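# kindly return the folded structure for what I paste below:
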Amino acid sequence: MAEPTDYKFDPELGSIIKLLTPRLEGVELAPEPITFVTYQMYTIVRDLLDNCFKERSPQAALCRRL
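The predicted structure follows:
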C-alpha cells in the first residue's frame with residue numbers, strides 16, 4: 001500500500017498528478033514508457049505556458065476590458 005504523498009515541499013505536485021494521471025492511459029503499451037511520460041509532461045507544461053501567455057497578452061487584456 002502506497003504511503004500518502006507529502007505535498008509540504010512541493011505544493012504543485014498534486015496539480016501535476018491531477019493533470020498527468022488521465023494522460024497515462026496506454027503507457028504500458030509504449031515501447032519506451034519514460035519517453036511516453038516525458039512527452040505527456042511536456043504537453044502539460046506547453047499548454048500551461050500557452051495559457052499564461054494568452055492571459056497576459058495585450059490582446060487578451062483588451063478583450064477583458066471590452
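
# which parts of the top helix by length along the chain are buried?
Counting residues, the longest helix found in the chain (DSSP state H) is helix 33-56. Using 16 or more other C-beta atoms under 10 Å as the test for burial, helix 33-56 gives 36, 40. C-betas here are computed from N, CA, C, even on glycine.

# what residues does that helix touch?
The contact list for helix 33-56 (C-beta atoms under 8 Å, 6 or more residues apart in numbering) reads 16, 19-20, 23-24, 26-27, 30, 60.

# can I get those residues in a markdown table with secondary structure, distance to residue 45 and pLDDT?
A markdown table is the format used below for the contacts of helix 33-56 (DSSP: H, G, I helix; E, B strand; the rest coil; distance: C-beta to C-beta, whole Å; pLDDT from 0 to 100):
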| residue | secondary structure | distance to residue 45 | pLDDT |
| --- | --- | --- | --- |
| 16 | helix | 10 | 84 |
| 19 | helix | 10 | 92 |
| 20 | helix | 11 | 93 |
| 23 | helix | 12 | 94 |
| 24 | helix | 16 | 94 |
| 26 | coil | 20 | 92 |
| 27 | helix | 18 | 94 |
| 30 | coil | 19 | 95 |
| 60 | helix | 20 | 61 |
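
# report the buried members of the residues you listed.
In these, the ones that pass as buried (16+ other C-beta under 10 Å) are residue 19.

# of all the contacts of helix 33-56, which two lie farthest apart?
The most widely separated members of the contacts of helix 33-56, counting by C-beta to C-beta, are 30 and 60 (36.2 Å).

# shaky segments in this protein?
1-9, 59-66 (pLDDT under 70).

# report the central residue of it.
Nearest to the mean C-alpha position of the chain, by C-alpha atoms, centre = their mean, lies residue 44 at 3.3 Å.

# quick one: it from residue 16, how far?
From residue 44 across to residue 16, the span is 7 Å (C-beta to C-beta, to the nearest Å).

# next: residue 46.
14 Å.
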